[in-house]
Every structure is written in structure tokens, then in C-alpha cells.
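Chemist: Structure for this input, please:
(one chain, ligands or ions: 1)
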Amino acid sequence: MNSPLVSLTNAGKSYKALDALQSVSLTLNEGEVLGLFGHNGAGKTTMMKLILGVISPSRGQVQVMGMAPDSKEAWHCRSKVGYLPENVSFYEQLTGLEVLTYFAKLKGFDKKHAIDLLEQVGITHAMKRQVKTYSKGMRQRLGLAQAFIGEPKLLLLDEPTVGLDPIATHDFYQTVDQLKSKGSSVILCSHVLPGVEQHIDRAMILSTGQLLAMGTLAELRQQAALPVAIKPSGLNGSVAQHQMLNSFISSDCDNTLMVPEQEKLAVLRELLSLEGIDDIHVESANLEQVYQHFLSKHETNIRAQQTSPAQGQS
Ligand SMILES: Nc1ncnc2c1ncn2[C@@H]1O[C@H](COP(=O)(O)OP(=O)(O)OP(=O)(O)O)[C@@H](O)[C@H]1O
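Modeler: Coordinates of the predicted model:
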């Protein structure tokens with residue numbers, strides 16, 4: 001069996017009294033894409049930096065390609081890792097081509113490779129211009145080209161789609177899919193959830209350094225027990241008169257039924273038996289709804305912990 005590309009075993013990082021990342025365990029296999037989600041200060045960048053070996057864990061173990069990434073022995077693995085930091089910054093006086101050629105050479109690749117990557121991210125037309133003349137999106141594209149140098153085995157991308165227009169975002173996810181199909185593993189963190197879910201295998205949700213949930217979207221949906229939205233059409237009010245179906249009518253929208261997953265088939269059968277039905281739209285909870293669920297559950301737990309000692313005293 002292949003050993004995982006990345007493994008964290010109860011790994012965490014603290015700065016004085018602050019737990020930037022509490023104990024997290026994770027294994028990431030070849031060709032797997034993990035989405036890392038959480039509000040500001042959740043610990044996403046901290047986890048990426050632990051995997052990069054830029055910082056060392058305060059507790060637990062981090063292994064990348066079988067080695068501690070902060071060890072001297074790990075130096076030769078670094079050329080197989082691509083990283084896009086949250087705020088990309090480059091040498092402003094150099095042209096895009098000069099910047100990328102410089103980074104390519106550091107990783108043992110030539111200028112031709114840099115030119116190909118600039119074409120891939122769509123900034124060939126500006127490659128001979130100084131970076132200081134680049135727009136935000138162009139800088140981000142250059143940052144992505146830098147992260148893609150050498151088709152890395154492991155890609156760590158912090159907010160990769162920030163500043164990208166819809167076409168560049170689409171192209172970016174296409175590149176992620178291609179790299180994945182060639183066996184690269186990717187960890188990407190993003191605040192922009194729509195559009196991410198079809199490109200990730202698993203999601204990890206963090207809040208204030210704590211792991212709230214991890215799994216495939218199907219597993220997270222199951223854990224969250226969020227209802228399925230069923231929208232029938234052509235029924236002209238017969239759902240409201242139906243004894244079994246009317247209890248599922250959404251309080252926000254009267255032509256939508258919010259149905260627990262385990263009752264979905266029974267409800268669909270019942271709807272199909274009704275006269276006049278001409279279409280049914282079924283929608284499971286999306287990543288954004290799953291994310292909101294775990295975050296609000298966590299916030300409710302925190303509030304309960306904060307209020308219970310005071311209640312105990314009164
Ligand atoms: N060098 C440091 N010294 C002290 N605290 C730090 C340091 N680096 C990070 N932190 C703290 O650790 C916590 C997690 O930070 P981190 O950068 O990992 O969050 P994040 O999830 O990436 O947030 P964002 O979405 O805002 O980028 C924050 O409270 C941050 O202030």
C-alpha cells in the first residue's frame with residue numbers, strides 16, 4: 001500500500017497562550033484534493049505552513065513524503081512542492097517572464113517551462129512588462145504559474161481564486177483537475193465556496209484552530225443531517241392538502257419541501273402519484289450550507305459553554 005503523501009498526527013501549533021491550530025490528524029493520499037475552509041483566523045495558513053515546514057509543530061507530528069518537512073533531510077522534497085501564499089508579492093522591477101524564469105531555475109527548470117506556464121495562466125501578452133504594471137488578477141495568475149512550476153507532487157494554495165475573473169477561475173480549476181489526474185495532491189483553502197465542491201475530494205472545516213469536521217461532501221451532509229430540498233411543479237396546491245406531504249413544506253417557500261434524507265424516496269413516490277405533476281427538482285445541501293451548519297453548531301456550543309457557569313452560580 002502507498003504511504004500517504006502528507007500525514008498529520010495530532011499536530012498543532014501554539015503561540016504563547018494562543019492555539020493557532022489545536023491537535024489535527026489528517027492523511028492525504030496521492031491524487032487527492034482537500035479543501036480547507038474556515039473563517040479568518042481559523043488556522044488554515046498555520047496548517048499549510050506546518051506542511052511546508054516553514055514553522056514547526058508545538059505538538060504532534062507532521063510528515064510530508066515520509067519526512068518531517070522542517071528537517072534538513074527534507075530539502076530535496078521541496079522542489080516537489082508548489083505553494084501559492086495568501087498575498088503574492090514579487091520583484092516589482094522584473095518582468096513577469098524574468099520572475100517566473102528565476103523561480104523555474106531555482107527548481108531546476110528552464111525558461112521554456114516558464115513561458116509555457118505563462119501561456120497556461122493567460123498572461124503571455126504581458127510577460128515582457130514589469131510586474132509593477134500588473135493588475136491584481138494578473139499578479140495572482142503569475143503566482144499560480146509560480147506554484148505550478150514542475151508539476152509539483154504536492155500543491156498548497158492559499159486563496160487561489162482571489163482576484164481572478166470567472167474565466168481564469170474556470171481555467172484554474174481545470175489545471176487542478178489535470179494535476180490531480182496525473183497524481184498530484186492539492187490542498188486549497190478558500191473563502192469562496194460556490195464552485196469548489198466539484199473539484200475537491202474531501203473538505204476540512206476549521207474554526208479558531210479547532211477541527212470541526214472532515215470528510216467527503218456526502219459524509220459531511222450525512223453528519224450534518226441537513227434536509228434535501230424537493231421542488232415539484234404542476235401541482236397547483238395539492239401538496240398543501242396532502243396529509244403526509246404538507247408537514248414538509250418549507251417555511252421560507254411554499255413550493256419547496258424540506259425533507260430528511262431518509263424520507264426522500266417516500267416523498268418522491270408520493271409526489272409522483274399526484275395528478276398534474278410535470279417536474280421535480282431535488283437538491284441536496286451544498287458545501288456552503290454544510291459549512292454554515294458546522295460553524296453555527298460550533299458557535300452555539302461556545303455560547304452554551306460561556307453561559308452555563310453563570311447559570312450554575314445563580
Ligand atoms: N506568528 C504568529 N504569532 C502569533 N499568532 C499567530 C502567528 N501566526 C498566526 N497567528 C494566529 O493564529 C491564528 C490562526 O492564523 P492563520 O493565519 O492560520 O488563520 P487563517 O485561517 O489562515 O486566517 P485567514 O483566513 O484570515 O487568512 C490567528 O489567530 C493568528 O492571529
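Chemist: use CA for all of it now, contacts and neighbours both
Modeler: Will do.
Chemist: Could you report the distance from Leu18 to the ligand?
Modeler: 7 Å (Cα to the nearest ligand atom, to the nearest Å).
Chemist: Grab the nearest non-local neighbour of whichever residue of the stretch 201-314 of the chain sits closest to the ligand.
Modeler: Closest contact between the stretch 201-314 of the chain and the ligand, by Cα to the nearest ligand atom, is at Gly209 (6.4 Å). Distance criterion Cα to Cα, 6 or more residues apart in numbering; nearest residue to Gly209, sequence neighbours excluded, is Leu21 at 4.0 Å.
Chemist: What of Ile280?
Modeler: Pro232 (4.3 Å).
Chemist: averaged over its residues, what pLDDT does the stretch of helix or strand that neighbour belongs to have?
Modeler: Secondary structure from DSSP states H and E places Pro232 in strand 228-233. Averaged across strand 228-233, pLDDT comes to 92.
Chemist: For the next helix or strand after it, buried residues please.
Modeler: For strand 228-233, the following helix or strand on the C-terminal side (DSSP H and E) is helix 238-241. For helix 238-241, the neighbour count (16 or more other Cα atoms under 10 Å) marks Val239, Ala240 as buried.
Chemist: Under the pLDDT cut-off, which ranges of the stretch 151-300 of the chain? List them.
Modeler: Regions of the stretch 151-300 of the chain meeting the criterion pLDDT under 70 are absent.
Chemist: can you list the residues of it near the ligand?
Modeler: Taking Cα under 6 Å from any ligand atom, no part of the stretch 151-300 of the chain reaches the ligand.
Chemist: in the stretch 151-300 of the chain, which spans are strands?
Modeler: Using DSSP state E, counting those that start in this stretch, the strands of the stretch 151-300 of the chain run over residues 154-158, 185-189, 202-207, 210-215, 228-233, 257-259, 279-283.
Chemist: Out of those strands, which gets nearest to Gly66?
Modeler: strand 154-158 (13.0 Å; Cα to Cα).
Chemist: In the sheet, which strands lie alongside that closest one, parallel or antiparallel?
Modeler: strand 81-84 (parallel), strand 185-189 (parallel) (DSSP bridges).
Chemist: want to throw those into TSV with distance to Leu97 and mean neighbour count?
Modeler: As requested, those are exported to TSV (distance: least, Cα to Cα, whole Å; neighbours: other Cα atoms under 10 Å):
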stretch	distance to Leu97	mean neighbour count
strand 81-84	17	23
strand 185-189	25	25
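Chemist: which residue packs closest to Phe109, ignoring adjacent ones?
Modeler: Excluding the flanking residues, the one nearest Phe109 by Cα to Cα, 6+ apart is Gly150, at 7.1 Å.
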